[in-house]
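**Student:** just to be clear, the model below is a prediction. Sequence and coordinates:
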Amino acid sequence: MPGAGQPSPGAARPRRGTELSRVILTPEEISQVQAQALAEYPAECCGVLLIRPSRPEDRLLLPCRNIQDELHTKDPARHPRDARTAYYIDPRDLLSIGRREAEGYRVATIYHSHIDTGAYFSDTDKRNALINGEPAYPDAVYVVLSVVEGKAAGAGAFAWEPTRRDFVPADLTLPVAAR
Ligand SMILES: [Zn+2]
């Protein structure tokens, strides 16, 4: 609550703490996502972390199904890439995410893996994250995991920076400001 006036000692403080920062992914969540990325190699994996603000916050990791291969097989002209270089979240998973959002959860982290290449935020990743030039989930942090030759090879986090109007690297292990 910026600009809310004088601090009222005590009352406002704990709430502020939970509102102002959160960890992008906990070590346990990172290992779950890594395990998924390795299991689905050489296809890109994808999923989201949902958070419901409360004390302690309610975190829900939701691995999603990448249906890119099915789309590519059905219509290669429209979907030239297969799951090795792209991901497409199963619409059924999007429905589950929508149901959770109705329960008060919000999308905090959106992750996917890269196959045999680095954990960078590609032009395609950026394009997919924007709708008419605006971020689809301005509060969400994107996490990219690199899997090279079947082994975990690093991860990167990228957050929307409104003043630069671009996604900039964030530290995966440190709390980020909730916006
Ligand atoms: Zn990507």
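**Tutor:** On my side now, so go ahead.

**Student:** quick one: Leu94 is in a helix?
**Tutor:** Yes: membership of Leu94 in a helix is supported by DSSP: H, G, I helix; E, B strand; the rest coil.

**Student:** what about Glu40, neighbour count?
**Tutor:** Under the neighbour criterion other C-beta atoms under 10 Å, Glu40 is assigned a count of 19. All C-beta atoms are positioned from the backbone trio N, CA, C, and that covers glycine.

**Student:** what's the answer for the one 4 residues further on, then?
**Tutor:** Residue neighbour count, defined by other C-beta under 10 Å, stands at 25 for Glu44.

**Student:** run through the residues that contact it.
**Tutor:** Residues near Glu44 by C-beta atoms under 8 Å, 6 or more residues apart in numbering: Asn66, Gln68, Ala83, Arg84, Thr85, Ala86, Tyr87, His112, Ser113, His114, Ile115.

**Student:** any residues of this protein in contact with the ion? List them.
**Tutor:** Applying C-beta under 5 Å from the ion, one finds that the chain approaches the ion through Ser122, Asp125.

**Student:** which residues does the residue most central in space within the chain contact?
**Tutor:** In the chain, the centroid-proximal residue (C-alpha atoms, centre = their mean) is Ile110; its distance is 1.4 Å. With contacts defined as C-beta under 8 Å, 6+ apart, the neighbours of Ile110 are Cys46, Gly47, Val48, Ala129, Tyr137, Ala140, Val141, Tyr142, Val143.

**Student:** now with 7 Å, please.
**Tutor:** When contacts are counted by C-beta atoms under 7 Å, 6 or more residues apart in numbering, Ile110 is found next to Val48, Tyr137, Ala140, Tyr142.
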